[in-house]
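1. Sequence first, then the predicted structure:
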Amino acid sequence: MTKKLLFTSMILLALAFVVMAADVTGKWTYDQQMPARGGGEARTVTTTLDLKVSGTTLTGTVTGGMGRGGAAQPIDIKNGKVDGDAISFTVERQNRNGDTIVTSYKGKLNGDALELEITSPGFNGGEPRTNKVTAKRATT
């Protein structure tokens, strides 16, 4: 009897953690200022996250960002995880030389805001760059 009670309690506890997982399913957007190149003006780039949570697994796409000419090709999220109100995932892009560039996203849900820390490799093998942004739920 004690073993059954313990087993049942463990199952209920595991389910409680799944229920408490962050509800980040949906579309999120954030803007970033990109520096000017070649004497041009700085520009604002909008990135869209299309996220889906299943248990503790996070899937979806990232669209926009720094792609060539602001290209908006969706890129699949990899290694997506949800732990309470925290999320993490990576995105892999190919640069012009064909090298794979991995960008890591870590964030925390705070109401209708998703506070993200985005870490990208540095230019020409330099130190990684980290940016902090706040994504908002898209209304459309």
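-> Yep, it's here.
2. and the one helix or strand residue 29 maps to, which strands flank it?
-> Element membership for residue 29 (DSSP states H and E) is strand 26-34. Paired with strand 26-34 in the same sheet, following DSSP bridges, are strand 43-54 (antiparallel), strand 129-137 (antiparallel).
3. buried residues in that strand?
-> Buried positions in strand 26-34, judged by neighbour count with 16 or more other CB atoms under 10 Å: 27-30. (Each C-beta comes from the backbone N, C-alpha and C, glycine too.)
4. What of stretch 112-124?
-> Of the residues in stretch 112-124, 114, 116, 118, 120-121 count as buried by neighbour count, 16+ other CB under 10 Å.
5. tell me, what residue is most central in this protein?
-> Nearest to the mean C-alpha position of the chain, counting by CA atoms, centre = their mean, stands residue 105 at 4.6 Å.
6. That one belongs to a helix?
-> No: Residue 105 is assigned strand when assessed by DSSP: H, G, I helix; E, B strand; the rest coil, not a helix.
7. So it sits against residue 79, correct?
-> No: contact criterion CB atoms under 8 Å: residue 105 and residue 79 do not qualify, at 9.9 Å.
8. what is in contact with those two at once?
-> 88-90 (CB atoms under 8 Å, 6 or more residues apart in numbering).
9. Looking at these, which one is closest to residue 110?
-> residue 88 (15.6 Å; CB to CB).
10. the helices in this structure, which residues?
-> Along the chain, counting by DSSP state H, helices occupy 2-19.
11. For it, which residues score under the pLDDT cut-off?
-> Along the chain, segments meeting pLDDT under 70 span 1, 3-22, 66-72.
12. Would you check that residue 73 makes contact with residue 61?
-> No: if you go by CB under 8 Å, residue 73 and residue 61 don't touch, sitting 9.3 Å apart.
13. More neighbours: which of those two?
-> residue 61 (16 against 12; other CB atoms under 10 Å).
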